[in-house]
Every structure is written in structure tokens, then in C-alpha cells.
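Chemist: heads up, no residue letters with this:
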């Protein structure tokens, strides 16, 4: 990460994730299971451009929020995975989703996962994070899992 303007934790988070697309990409990987470039490009309603998606994927990978590895089933594809750093964002993403639903009137169906995880509290969120670790982290990232 480039030199920061301040060491304030909120500033550091905003500098890393404060553009329009980074959190949406992480949302799509985390909650929709989109792991390939094409799935991320075509799978969400927001309509990111190819250049922006490529730039954000590269930045998120460089920042340790995603990993990129070759897809063993198709030599021209890559698989993007969450890292421990991005999985740790789950509680914050849940709260953003709940806030968007309750304060901005977001769609009930699109808000269901955030509301369910919020109602389930830390126990439900820890269980979902454990599932993400199983699905995304290679053994050396997951502490030998």
C-alpha cells in the first residue's frame, strides 16, 4: 500500500477500500461465490467495465485482499479467492448491508444474507467465516486447515 496520509484506522481502510468497486467485488466473491473474471464482470447489477474490474482485481490482489491462481480446468482462466484479511471484513460488510437495508431501503431479497447474519450475531458470522476459510484459503493461509 502506498504511503498513507494518516495512521487513523478508518483512513487506512478507506484508502484501501474506499473506491466505488472494491467492496462490491469482495461482496461478489464472498456472498455470490463469483471466483472468475467473467463471473465478476457479468454477474452483478452494477455493471463494472472490463478495465476497472481488471484494475481493481490487481489492486485487491496486491493489497492482500484476494489471491489469484491458475484455474486447473482452463489454462486461460484464473480463480480469485478471499484471504484471511478479506474474510475478516465480513462483520463490517454485514453491518453495511444491514444499514443499507434499514436506512436506505435496499431490496429485501438482496438484504436477506446481511440481515440473517446480523440476527445470528457473532456465532453465525464466525460460522460463515469458517465456511469461507474452507472454500478460499489454501492450507498454509488457514493455519494448516
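Modeler: Ah, there it is. Just so you know, these numbers come straight off a predicted model, no measurement behind them. Residues are numbered from 1 along each chain as shown.

Chemist: A helix includes residue 75, no?
Modeler: No: going by DSSP: H, G, I helix; E, B strand; the rest coil, the assignment for residue 75 is strand, not a helix.

Chemist: in the chain, which residue is closest to the centre?
Modeler: Centroid-nearest residue in the chain, with CA atoms, centre = their mean: residue 26, separated by 2.0 Å.

Chemist: list the contacts for the residue nearest to that one when sequence neighbours are not counted?
Modeler: The shortest distance from residue 26 to any non-neighbouring residue, by CB to CB, 6 or more residues apart in numbering, is to residue 86 (5.7 Å). C-betas here are computed from N, CA, C, even on glycine. By CB atoms under 8 Å, 6 or more residues apart in numbering, the residues touching residue 86 are 26, 29, 30, 60, 65, 66.

Chemist: Would you point out the helix or strand in this structure whose mean pLDDT is lowest?
Modeler: Using mean pLDDT, DSSP states H and E, helix 9-17 stands out as the lowest-scoring helix or strand of the chain, at a mean of 92.

Chemist: need the contacts of residue 86 in CSV with pLDDT, can you?
Modeler: Formatted as CSV, the contacts of residue 86 follow (pLDDT from 0 to 100):
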residue, pLDDT
26, 98
29, 98
30, 98
60, 98
65, 98
66, 98
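
Chemist: Tell me which of those residues fall in helices.
Modeler: Among the contacts of residue 86, the members falling in helices (DSSP state H) are 26, 29, 30, 60.

Chemist: shouldn't the first one be in contact with residue 90?
Modeler: No: contact status for residue 26 versus residue 90: not in contact, 9.7 Å apart, counting by CB atoms under 8 Å.

Chemist: wait, residue 97 sits on residue 116?
Modeler: No: if you go by CB under 8 Å, residue 97 and residue 116 don't touch, sitting 10.1 Å apart.

Chemist: With neighbour numbers in mind, choose between these two.
Modeler: The residue with more neighbours, out of residue 97 and residue 116, is residue 97; 21 against 12, by other CB atoms under 10 Å.

Chemist: which other helices and strands contact the strand or helix carrying residue 78?
Modeler: Assignment of secondary structure by DSSP states H and E places residue 78 within strand 74-82. The helices and strands touching strand 74-82, judged by 3 or more CB pairs under 8 Å, 6 or more residues apart in numbering; DSSP states H and E, are helix 22-32, helix 37-42, strand 66-71, helix 108-136.
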